[in-house]
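>>> Turn this into a model:
(2 chains)
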Amino acid sequence: MREITYRQALNEALAEELERDPNVFLMGEEVAEYQGAYKVSQGLLQRFGPRRIIDTPISENGFAGLGVGAAMVGLRPIIEFMTFSFSLVAFDQVVNNAPNMFTMSGGQFNIPITFRGPNGPAHQLGATHSHATENFYASVPGLKVCTPATPRDAKGLLKTAVRDDNPVLVLESELLYSSKGMVEPPDEELLIPLGKADVKREGSDVSIICYAQTVPLALKVAAQLEDEDISAEIVDLRSIKPLDEKAIFDSVTKTHRVVIVEQDHPFCGVGAEVCYRIQKNIFDALDAPIIRVSQEDVPMPYNERLEHAVLPNADKLIAAVKQVCYA
Amino acid sequence: MQPGGQRDEVEMLSLMLLIRRFEERASQQYQAQKIGGFCHLYIGQEAVVTGAVAAVRDDDYIITAYRDHAHALARGTSADACMAELFGKETGCSRGLGGSMHFFDRKNHMYGGHAIVAAHVPLAVGMAFAIKYRGEDRLTLCFFGDGAINQGAFHEALNLAALYRLPIVFICENNLFAMGTSVKRSTSLKQIIDRAEGYDIPGEIVDGMNFREVRDKITEIVDSIRKEPHPAFLEVRTYRYRGHSMSDPASYRTKEELEKFRLDDPITRLRAQLTREGKLTNEQFDRLDKQAKETVLAAVKFAEQSPQPPLEKLYDYAYADGAKP
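Numbers count the residues shown, from 1 in each chain, chains lettered A, B, ... in the order given. Just a heads-up that it's a prediction; the model follows:
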């Protein structure tokens, strides 16, 4: 194992999959000559050439659709959105074409495509550039959605996504690109299955269910709570769809108390689905109502203090944990 | 595999007859409520897709919008599989899961059947991208209606195709109306091919009621693309005799206009050409027409007797790996 950044991990995943399968190509805005808006594709143009690392004009709908069409005839495109806020311009392709094709064609055309890029609020980008899209996309049948929080998960999930025969969205986090973590060396194949959560920290008093940017937040809070004798278990969903019900239920059966901390909005958010499944399946395991910590239900303000107030943060999460623990 | 442009004209005439008789029968079955959803008929436009398939190879890619029954039939999808799809049966070309607007046939390189206007134009560009990526000498024929040319997806796709110099023919089947809105009321340009000029794509206009003109023009374009990949644009002027869909009485146009186009009927025209040249007798024509009618009647019977898609397979076609999130 060695320590690398989340950005490097993604870069390794791309390079390894491009190397392994000649049908894989990377396409998006600034992925080639500029070396990636966030440098995730750094060096790939030099290594794989302009046939496989392809710059596009600013036409998200166009190149997302190009990817779907190429996938129909057997290529395995990786389509980068500079941010998933821009994927909304390609919503029709991501929602109406990619996931529907397999059903509409009676199983003749599966779409092995990966849509990837940063998702969720970053820092003072304002309402148009701060969308957390995981709940929109996870509600669409035919799509798979994952949200890696660590370099290791980023590498393993992206590689799995590229090999999956369905459209998969890899929702990265701009704020995590420079974060570091231990990852297997490049000569060891690292694949992390979609639909498998990961207990990032074991605990006994409360389950904090989190994903993406809320994982480091939850880990920080868990360390603080330890000083107050509250033992928090951190369940990183890693994939929103498929959802790892078993991992969630196992943890909740042990702790009997749940806080869900999510980076999207509260109305029809990811936490609402998780909450529903817990109460429906293991109602008797609960010793307290489940609490969700999410963004406030407002378009993201630019102002830093207001942005902070909108986002889930340590104070909100600690308060929620204490509430479910009656502490 | 037959070389492009060499398809027998009598055979193509019988294909046009099959399409027409199929659509007439589909209309009747729709009215009898055997067919659900929306149903858009191709009657009047037969020379366009038949002229196009006569100009290309069987392994070239074809993709179209929702007025797609004819494109599947022209590609070789059986009338049985097409009618069964309209009936929502498991034996349909999309196993009864796609319906009228979503015909697919991988074996015959028919890539749909797409019902969001212009959303398939980027897909077509992606298929052409894959051709160039693999260094193949095939090409993509992308059909769409005049209604598609004002959508963003269309513009983005044309720009990408021109930028990457992809082997694709954009075929605009201009039947003068996007549902009930005439081209005059929808499009700022005087002629549709000027859209292509905006992307530096060579464009031409052909008479879509004339099989030979469509075939010959596309043959010429295809020859050029096979030499060196590039996009091309064709505005094919045609006319649909029926409304936009089965529920549309087409009251936005006059009887006189319809009659004018009917006089220029593509089937009558090719028949007359062949008869004049001594390649077709009246008896032969009647036999071909009778055959088409019988094929379509048999298809209705096949569709009626085919099984429904099984309920227990509902989740089998959501994910290619059978995932159940």
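
>>> Now do the contacts for residue 293.
With no chain named, the answer covers chain A. With contacts taken as C-beta atoms under 8 Å, 6 or more residues apart in numbering or on different chains, residue A:293 has the following neighbours: A:259, A:260, A:261, A:262, A:312, A:316, A:317, A:320. For every residue, glycine as well, the C-beta is placed using N, CA and C.

>>> was after chain B, sorry
Contact criterion C-beta under 8 Å, 6+ apart gives residue B:21 as the residues in contact with residue B:293.

>>> got the buried residues for the helix or strand hosting it?
Element membership of residue B:293 [criterion: DSSP states H and E] is helix B:282-305. Along helix B:282-305, the positions that meet the burial threshold by neighbour count (16 or more other C-beta atoms under 10 Å in any protein chain shown) are B:284, B:285, B:288, B:289, B:292, B:293, B:295, B:296, B:299, B:300, B:302, B:303.

>>> closest to residue A:278 among the contacts of residue A:293?
residue A:260 (8.9 Å; C-beta to C-beta).

>>> so where do the strands sit in the chain?
By default, I'm working from chain A. Counting by DSSP state E, the segments of chain A that form strands are A:2-5, A:24-28, A:53-55, A:76-80, A:114-118, A:144-146, A:168-172, A:180-183, A:198-201, A:206-210, A:232-236, A:239-241, A:258-261, A:291-293.

>>> um, chain B though
With DSSP E, the ranges of strands along chain B come out as B:61-64, B:110-113, B:140-145, B:168-174, B:177-178, B:181-182, B:203-207, B:231-237.

>>> Against which helices or strands is the last one packed?
This points to strand B:231-237. Applying 3 or more C-beta pairs under 8 Å, 6 or more residues apart in numbering or on different chains; DSSP states H and E, one finds that strand B:231-237 makes contact with helix B:152-163, strand B:168-174, strand B:203-207, helix B:211-227.

>>> Listing partners with orientation, what would you give for it?
Strands flanking strand B:231-237 in the sheet, each with its direction: strand B:168-174 (parallel), strand B:203-207 (parallel) (DSSP bridges).

>>> just the third one next, same as before
Using DSSP bridges, the neighbouring strands of strand B:140-145 in the sheet come out as strand B:61-64 (parallel), strand B:168-174 (parallel).

>>> Direction-wise, compare it with helix B:211-227 and give the angle.
Between the direction of strand B:140-145 and that of helix B:211-227, the angle (axes from the mean of the first three to the mean of the last three C-alpha atoms, to 10 degrees) works out to 140 degrees.

>>> between strand B:140-145 and helix B:152-163, how many degrees?
Interaxial angle, strand B:140-145 versus helix B:152-163 (the same axes, to 10 degrees): 150 degrees.

>>> hmm, back to that, what's the most buried one of the helices and strands packed on strand B:231-237?
Compared across the helices and strands packed on strand B:231-237, strand B:168-174 shows the largest average neighbour count, a mean of 28 (mean count of other C-beta atoms under 10 Å in any protein chain shown).

>>> from the middle of its chain, how far away would that strand be?
From the chain centre to the centre of strand B:168-174 is a distance of 10 Å (C-alpha atoms, centre = their mean, to the nearest Å).

>>> got the CA positions of that strand in CSV?
C-alpha atoms of strand B:168-174 as CSV (Å, rounded to 0.1, in the frame of the first residue of the first chain):
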residue,chain,number,x,y,z
ILE,B,168,-22.4,9.9,-41.4
VAL,B,169,-25.3,10.9,-43.7
PHE,B,170,-27.9,13.1,-42.0
ILE,B,171,-31.1,12.5,-43.8
CYS,B,172,-33.8,15.0,-43.1
GLU,B,173,-37.2,13.6,-44.1
ASN,B,174,-38.9,16.9,-44.7
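
>>> Contacts only, for the residue most central in space within chain A.
Against the mean C-alpha coordinate of chain A, by C-alpha atoms, centre = their mean, the closest residue is residue A:147 at 1.5 Å. Contact partners of residue A:147, counting by C-beta under 8 Å, 6+ apart, are A:119, A:134, A:171, A:173, A:211, A:212, A:237, A:238, A:239, A:240.

>>> Could you do residue A:18 as well?
The contact partners of residue A:18, by C-beta under 8 Å, 6+ apart, come to A:24, A:25, A:26, A:44, A:47, A:48, A:52.

>>> Quick check: of the contacts of residue A:147, which has the highest neighbour count?
Across the contacts of residue A:147, neighbour numbers were computed from other C-beta atoms under 10 Å in any protein chain shown; residue A:211 holds the maximum, 32 neighbours.

>>> pLDDT weak spots in the stretch 201-327 of chain A?
Low-confidence segments of the stretch 201-327 of chain A, defined by pLDDT under 70, are absent; every residue clears the threshold.

>>> For residue 192, give me the backbone phi and psi.
Went with chain A since none was named. Its backbone dihedrals place residue A:192 at phi -110, psi 120, with angles given as degrees, to the nearest 10.

>>> And the pLDDT for the closest residue to it other than its chain neighbours?
Nearest in space to residue A:192, with sequence neighbours left out and distances taken as C-beta to C-beta, 6 or more residues apart in numbering or on different chains, is residue A:156 at 3.0 Å. The model reports residue A:156 with a pLDDT of 98.

>>> From chain B, how far off is residue A:156?
Here the criterion is C-beta to the nearest C-beta, to the nearest Å. By it, residue A:156 lies 18 Å from chain B.

>>> tell me the contacts of that residue?
A:13, A:148, A:190, A:191, A:192.

>>> Surely the last one is in contact with residue A:236?
Spelled out, it's residue A:192. No: here residue A:192 lies out of contact with residue A:236, judged by C-beta atoms under 8 Å, at a distance of 11.1 Å.

>>> so what's the closest residue to chain B within the stretch 201-327 of chain A up against?
Nearest residue of the stretch 201-327 of chain A to chain B (C-beta to the nearest C-beta) works out as residue A:242 at 3.7 Å. The contact partners of residue A:242, by C-beta under 8 Å, 6+ apart, come to A:144, A:194, A:195, B:323, B:324, B:325.

>>> Out of those, the closest to residue B:238 would be?
Proximity of these to residue B:238 was ranked by C-beta to C-beta; the top entry is residue A:144 with 41.7 Å.

>>> beta partners of the closest one?
Residue A:144 forms beta bridges with residue A:168, as assigned by DSSP bridges.

>>> roughly how far apart are it and residue A:157?
In this structure, residue A:144 and residue A:157 are separated by 10 Å, where distance is defined by C-beta to C-beta, to the nearest Å.

>>> repeat for residue A:184
14 Å.

>>> Same drill for the two, tell me which one is more crowded.
The residue with the greater number of neighbours, taking residue A:184 and residue A:157 and applying other C-beta under 10 Å, is residue A:157; the counts read 31 against 13.

>>> correct me, but that one touches residue A:151?
No: taking contact to mean C-beta under 8 Å, the distance of 10.9 Å between residue A:157 and residue A:151 leaves them out of contact.

>>> Now restrict the contacts of residue A:18 to buried residues only.
Among the contacts of residue A:18, those buried by neighbour count (16+ other C-beta under 10 Å) are A:24, A:25, A:26, A:44, A:48, A:52.

>>> give the contact list for the second one.
Contacts were defined as C-beta under 8 Å, 6+ apart; by that measure residue A:25 touches A:18, A:51, A:52, A:53, A:54, A:70, A:75, A:76, A:77, A:78, B:133.

>>> Buried ones among the residues you listed?
Buried by 16+ other C-beta under 10 Å: A:18, A:52, A:53, A:54, A:70, A:75, A:76, A:77, A:78, B:133, out of the contacts of residue A:25.
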